[in-house]
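Colleague: Output the structure for:
(chains A, B and C)
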Amino acid sequence: MKFRKALASATILAACMFGSASAADLVVGFSQIGSESGWRAAETTLTKQQAEQRGIDLKFADAQQKQENQIKAIRSFIAQGVNAILLAPVVATGWDEVLQEAKDAEIPVILLDRTVDASKDLYLTAVTSDLVHEGSVAGKWLVDTVAGKPCNVVELQGTTGSSPAIDRKKGFEQALAGNDNLKIVRSQTGDFTRTKGKEVMESFLKAEDGGKNICALYAHNDDMAVGAIQAIKEAGLKPGKDILVVSIDAVPDIFQAMAAGEANATVELTPNMAGPAFDALDAYLKDGKEPPKWIQTESKLYTQADDPMKVYEEKKGLGY
Amino acid sequence: MHGNSDNILSAIRVEKGFPGTKALDKVDFHLRRGEVHALLGENGAGKSTLIKCLTGAYRRDGGSILLDGAEVDPRDTFDAQRLGIGTVYQEVNLLPNLTVAENLFLGRQPCRFGMTDTRTMNRKARELLAEYELDLDVTRDLASYSVAIQQVVAIARAVDLSGKVLILDEPTASLDAHEVAMLFRIVRRLKARGLGIIFITHFLEQVYEISDRITVLRNGQLVGTRETAELDRRELIAMMIGRELAAEIQSRHTPADEGRLRYRFRNYGRRGRIDPFDLDVRAGEVVGIAGLLGSGRTETAEVLFGAYRADSGTAEIDGRAVELSSPRAAIRQKFGFCPEDRKTAGIVGDLSVRENIVLALQARRGWTRPISRAEQNRLADHYIRALDIRTADREKPIKLLSGGNQQKAILARWLATEPEFLILDEPTRGIDVGAHAEIVRLIESLREKGMSLIVISSEIEELVAYSTRVVVLRDRAHVAELSGDRITAHEIVEAIAAATQGRAS
Amino acid sequence: MTATVKTYLGRLLPQLIVLAAIVFAISMVFPGFLNLQIQNGRLYGSLIDILNRGAPVVLLAIGMTVVIATKGIDLSVGAVMAICGAVAASLITSGHSLLETLFATLAVGILCGIWNGFLVAVLDIQPIIATLVLMVAGRGIAQLITEGAILTFNDAGLIFVGSGSFGWLPMPVVIWLVFGVLVALLVRQTALGMLIEAIGVNRQASTLSGVLTPVLLVAAYVLSGLCAAIAGIIAAADIKGADANNAGLWLELDAILAVVVGGTSLLGGRFSIAASVLGAIIIQAINTGILLSGFPPEFNLIIKAAIIVFILVLQSPRFRSAFTFLQIPRAAGKPTEREAK
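Modeller: All right, here's what the predicted structure looks like:
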């Protein structure tokens, strides 16, 4: 694992050294949604870092959750004659006109993190994670870890009806399918928050014989897992041992819990959407190579074996 | 008798009880076609209860109601309206922010293609109001017209909706003489059209002016129904309060300079509310304040009490200067104030009679020094007895009491603070004859005990009765002061009239 | 003395009946519900969870009751919770002592109350608008303090406030019990309660009777701010972190609901702190019951709404007059008055 990381950073370094010649004079506009969550802040930080490493001149515009601000920003990027535009769209619809304007000006647009309902030829590519895949990575880890032993799972869902909650549940269930030893015994919403995660976990513990009946917890995000870990401790059980804990997002605090042995695994929703985007852009501008319409970011699994304290230190500064 | 075709509406042996009281005890009431029938009684006599049983607002416990000889049983006021019984209350129950036309046709707007046909509605509204000698811009908000006009609009709506019986519940309480005259013209016209009209009021002169017959209730029982022309005033009052009020109000003038001078206001006033005035009040003196509505009577009271801070002049008590910057400051100087509008500025409706009585005393002591419950009970019981406040018990919410009893409770609130300077703004307005006489007697006895009082009243006879001096106001200024033998109804009216002429010229 | 106890119980009877019915219903569906045991030196069980999880709403409801009694409303309490949680977390992580942190945080809550009270009492802005200002701005302020992230801390003392225990009871329960009794004593053993009710029923008449209206109004909002501060500290200590985005989110509505379920009129006047506390516990009992029931989460809000509508219908005057058996509290109240005479 360590080796892979080192290799990855070496690649980035190499890309900087050799790629800089072509990227140095690039000007890229980035229309960001806002800073509504720690993850979003980390995405902004990483995008700026990535641009700096590649010598790209990044024009950053914060839309404060408003589509009209994003459209204004894109028009101003077009007027400035940027080489490319990164767009993290706040909503899915209403982009056709402004994307057509960018196309007419022959400026490629790359979507980050979310997609839009518009003709696919209006943008170069979309870089997003696969929410279903994240759920199935978590599920697969659990299947492998319990290795055939019977295991009752409780699930902390995200906000009812939100797409991460639906897709992460779906992916997890897909991974569990066919493994009759694993059974989801309780599933409730924890609204993606620590407080609710803790409260709902308390009720799970009461409902399942003080927790003796629970072998694993799957939480749709790390924050709920952090809350649930406290509930498990207060019930006199050892999270990570008596009850396995797997969640999604890979925010810094879960790595602290992993370092303490209280959480077992997390699946990363990488805030580095810009890296793959810049790579695709580079290839497109240099060789005219059309990237695929969807670039799926890696849903990387972290476990206690991945030196969680080190990852924590790395992630801490990103603005999560 | 029951089958008498002259009767448009009859109530026969109607009964209604509330927990602990019998509000109506087998009351008979007959209303003839084309008559104005005054329904009289002290507050709490059962007038409102009878009206509410007739209009279905209350379910009666027993008895029957005949309309045009046929038994009816209105379930609610809408039902009563549909049957032909319309009611107009003292506080107009229309919607002030809708136009006059909309108010007239609310719930039955003429429609075209599913939309309100505003033009037809406005035309119909103008036609309807023309019958009442009113030529209004019916597209303006109701609130932009005077209470009298609103009253007429309410009558027009009620008559248009029902058309057999019209009940007027204290319609004249907030009208001036001109407006009352206009209202009475309309009432006579409706009477000529054959409507039966029930008229409830506290003004006995109006009863004699407009009504054909009088029915008197007392303590939920029928005292009697008489032809107005055959019933003299003294006898009527006797029927209402059950005892001869020998002299309704006995006039007894004390020389104005008997007590020592205690309160001295110089050049006292507030811009935009009341012009600066000078006022001296002695111990054991009642200074009456007379003037037309809007002449600055209430404003004088409010500035004296600090409800609005004076921006000119000085106040002295016993020769020492005082700041009366707020009601609290005035209360510290042993002032008390019964405001004109009992409901919005006087009573604290949901609280009990007890709490209303101790409120000012408790406020003066501060929240950290609560009056013990035993002491509160003692105070409340004392004043309930002393002022004869009629209430089932001291824990009854004050809003359930009649107007006169509410007024006595507010007086008790101030008496509990042992005030030395008491301002009473219209203390007898809208209360029944019995309570009226008791409050006048109370004013007398407080004066005899050496208290200084300022009393504002629209009833000149009343001012004459208890004032040792009368200040006359006009256009927000003090214009005349009468004392000694000059305190007569004639002189006061002359002073106000002179003032009015002054304004006209 | 027994007479006052009787009237007191009479006032609380509807809430007690509803609570008993809900507890009974949950224990039917989920038999282990009433189990209590000692674990890690404290009581452990679903009933304790209800008291513990209900702590923030109970505290908010205490302040909200007094504000509503003045004919006001305080929409900002959820945001004030977020601010105070953020302040507590940032102070403790920047090395301030526990005592300093607690006092400073409570002071911030009081400050928020003074701001609301100033808008309402001095500038005479309608309470719903006046407190909306801080409701909207407050969460932003909290986010500025935490810089948008969840600000975690590890100070054992502060964490104790949220998840410690005292005499077998979780600290949050101990805190609201003590605080609730103190506030109830404060308003009922002094004349505060009556004066506040008088202001709520008729502000003008009260002012003319010499009641110090503006000061009492500000005091009501200050109490509400203080309650929100305590609730904010508990909420943050509970998860060892200040979550500016989610702490106290929508809890102002739960607090208002608790007051209403407790039978205090939104039109001001008569109030009962004990009844509002019961109202908050009823709401939390419903929440916990739903979680234990194992229904899919899509049903949570529907079930909660249905139960609350049912409770409010039971309390409505029309229903009460139609079913005399629910008038027991009134009937119980009456004779005591006569005895007192």
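Colleague: from here on, contacts and neighbour counts on C-alpha atoms
Modeller: OK.
Colleague: where along the stretch 251-400 of chain B do the strands fall?
Modeller: If DSSP state E, counting those that start in this stretch is used as the criterion, the strands of the stretch 251-400 of chain B fall at B:261-270, B:274-282, B:285-290, B:312-317, B:320-322, B:335-338.
Colleague: again, but for chain C
Modeller: All strands of chain C, identified by DSSP state E, fall at C:37-39, C:42-44, C:150-152, C:165-166, C:169-170, C:241-243.
Colleague: what stretches of chain B score poorly on pLDDT?
Modeller: Counting by pLDDT under 70, the low-confidence segments of chain B come to B:1-5, B:19-21, B:43-44, B:90-92, B:173-174, B:241-258, B:293-294, B:430, B:497, B:499-505.
Colleague: For the residue in the stretch 51-200 of chain A positioned nearest to chain C, list the residues it contacts.
Modeller: Using CA to the nearest CA, A:Gln188 is the residue of the stretch 51-200 of chain A that sits closest to chain C, at 5.3 Å. Applying CA atoms under 8 Å, 6 or more residues apart in numbering or on different chains, we find A:Gln188 in contact with A:Glu155, A:Leu156, A:Gln157, A:Val200, C:Leu291, C:Gly294, C:Pro296, C:Pro297.
Colleague: Also near chain B: which of these, exactly?
Modeller: Among the contacts of A:Gln188, none lies close to chain B by the criterion of CA under 8 Å from any CA of the partner chain.
Colleague: Please, a ChimeraX command that selects the buried ones among the residues you listed?
Modeller: The ChimeraX selection below is limited to those of the contacts of A:Gln188 classed as buried (16 or more other CA atoms under 10 Å in any protein chain shown):
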select /A:155,156,157,200 /C:291,294,297
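Colleague: what's the closest of the strands of the stretch 251-400 of chain B to A:Leu285?
Modeller: Of all the strands of the stretch 251-400 of chain B, strand B:261-270 sits nearest to A:Leu285, with 81.0 Å by CA to CA.
Colleague: what packs against the closest one?
Modeller: Contacts defined by 3 or more CA pairs under 8 Å, 6 or more residues apart in numbering or on different chains; DSSP states H and E place strand B:261-270 against strand B:274-282, helix B:297-305, strand B:312-317.
Colleague: so how far is the first one from its chain's centroid?
Modeller: This means strand B:274-282. 27 Å (CA atoms, centre = their mean, to the nearest Å).
Colleague: For that strand, which residues meet the burial criterion?
Modeller: B:Ile274, B:Asp275, B:Pro276, B:Phe277, B:Leu279, B:Val281, B:Arg282.
Colleague: ok, back up a step: in a markdown table, list the strands of chain C along with mean pLDDT, distance to B:Ala45 and mean neighbour count.
Modeller: Formatted as a markdown table, those follow (pLDDT from 0 to 100; distance: least, CA to CA, whole Å; neighbours: other CA atoms under 10 Å in any protein chain shown):
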| stretch | mean pLDDT | distance to B:Ala45 | mean neighbour count |
| --- | --- | --- | --- |
| strand C:37-39 | 83 | 65 | 11 |
| strand C:42-44 | 86 | 62 | 19 |
| strand C:150-152 | 89 | 69 | 22 |
| strand C:165-166 | 90 | 62 | 16 |
| strand C:169-170 | 93 | 59 | 20 |
| strand C:241-243 | 92 | 64 | 30 |
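Colleague: Compare those strands and give me the one nearest chain B.
Modeller: Closest among the strands of chain C, using CA to the nearest CA: strand C:165-166, at 32.0 Å.
Colleague: Near residue 112, how many other residues are there?
Modeller: Just so you know, I chose chain A. Residues near A:Leu112, counting by other CA atoms under 10 Å in any protein chain shown, number 26.
Colleague: right idea, wrong chain: chain C
Modeller: Neighbours of C:Cys112 (other CA under 10 Å): 28.
Colleague: Strands of the stretch 1-150 of chain A, residue ranges please.
Modeller: A:27-32, A:57-62, A:84-87, A:109-112, A:125-128.
Colleague: I'd like those written out as TSV, with mean pLDDT added.
Modeller: Below are these laid out as TSV (pLDDT from 0 to 100):
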stretch	mean pLDDT
strand A:27-32	94
strand A:57-62	93
strand A:84-87	95
strand A:109-112	94
strand A:125-128	94
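Colleague: Can I get those strands in JSON lines including distance to chain B?
Modeller: JSON lines is the format used below for the strands of the stretch 1-150 of chain A (distance: least, CA to the nearest CA, whole Å):
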{"stretch": "strand A:27-32", "distance to chain B": "48"}
{"stretch": "strand A:57-62", "distance to chain B": "46"}
{"stretch": "strand A:84-87", "distance to chain B": "49"}
{"stretch": "strand A:109-112", "distance to chain B": "50"}
{"stretch": "strand A:125-128", "distance to chain B": "52"}
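Colleague: what comes into contact with stretch A:229-248?
Modeller: Counting by CA under 8 Å, 6+ apart, residues outside stretch A:229-248 touching it are A:134-135, A:138, A:142, A:198-199, A:201-202, A:205, A:210-211, A:214-222, A:225, A:261-269, C:39-40, C:239.
Colleague: Equivalent analysis for stretch B:133-153, please.
Modeller: Against stretch B:133-153 from outside (CA under 8 Å, 6+ apart): B:88, B:92, B:95-101, B:103-104, B:122, B:125-126, B:129, B:132, B:171, B:174-175, B:179, B:183.
Colleague: now do stretch A:143-152
Modeller: Contacts of stretch A:143-152 (CA under 8 Å, 6+ apart): A:175-176, A:179-185, A:213-216.
Colleague: Mind doing that once more with 10 Å?
Modeller: With CA atoms under 10 Å, 6 or more residues apart in numbering or on different chains as the test, stretch A:143-152 has contacts from A:137, A:139, A:141-142, A:175-177, A:179-186, A:208, A:212-217, A:243-244, A:264.
Colleague: Count the neighbours of B:Ala392 for me.
Modeller: 10.
Colleague: ok, now C:Asn246?
Modeller: 20.
Colleague: Not counting its neighbours along the chain, what's nearest the most centrally placed residue in chain A?
Modeller: Compute the mean C-alpha point of chain A, and by CA atoms, centre = their mean the closest residue is A:Leu269, 2.0 Å away. Nearest non-adjacent residue to A:Leu269, counting by CA to CA, 6 or more residues apart in numbering or on different chains: A:Asp249, 4.7 Å away.
Colleague: Before we move on, what's the pLDDT of that neighbour?
Modeller: At A:Asp249, the model reports a pLDDT of 93.
Colleague: Which element, helix or strand, includes B:Asn103?
Modeller: Following DSSP states H and E, one finds B:Asn103 within helix B:100-105.
Colleague: what are the pairing partners of the very next helix or strand once past that helix, and which direction each?
Modeller: Going down the chain from helix B:100-105, the next helix or strand is strand B:111-112, by DSSP H and E. When pairs are called by DSSP bridges, strand B:111-112 turns out to pair with strand B:115-116 (antiparallel).
Colleague: Downstream of the strand it pairs with, the next helix or strand is which one?
Modeller: helix B:118-130.
Colleague: following that following helix, which helix or strand comes up?
Modeller: helix B:147-161.
Colleague: gap between the two ends of stretch B:462-481?
Modeller: 17 Å (CA to CA, to the nearest Å).
Colleague: Any stretches of the stretch 201-320 of chain A with poor pLDDT?
Modeller: In the stretch 201-320 of chain A, no residues with pLDDT under 70.
Colleague: interface residues of it facing chain C?
Modeller: Residues of the stretch 201-320 of chain A lying close to chain C (CA under 10 Å from any CA of the partner chain) are A:201-210, A:223, A:226-231, A:234-236, A:253, A:319-320.
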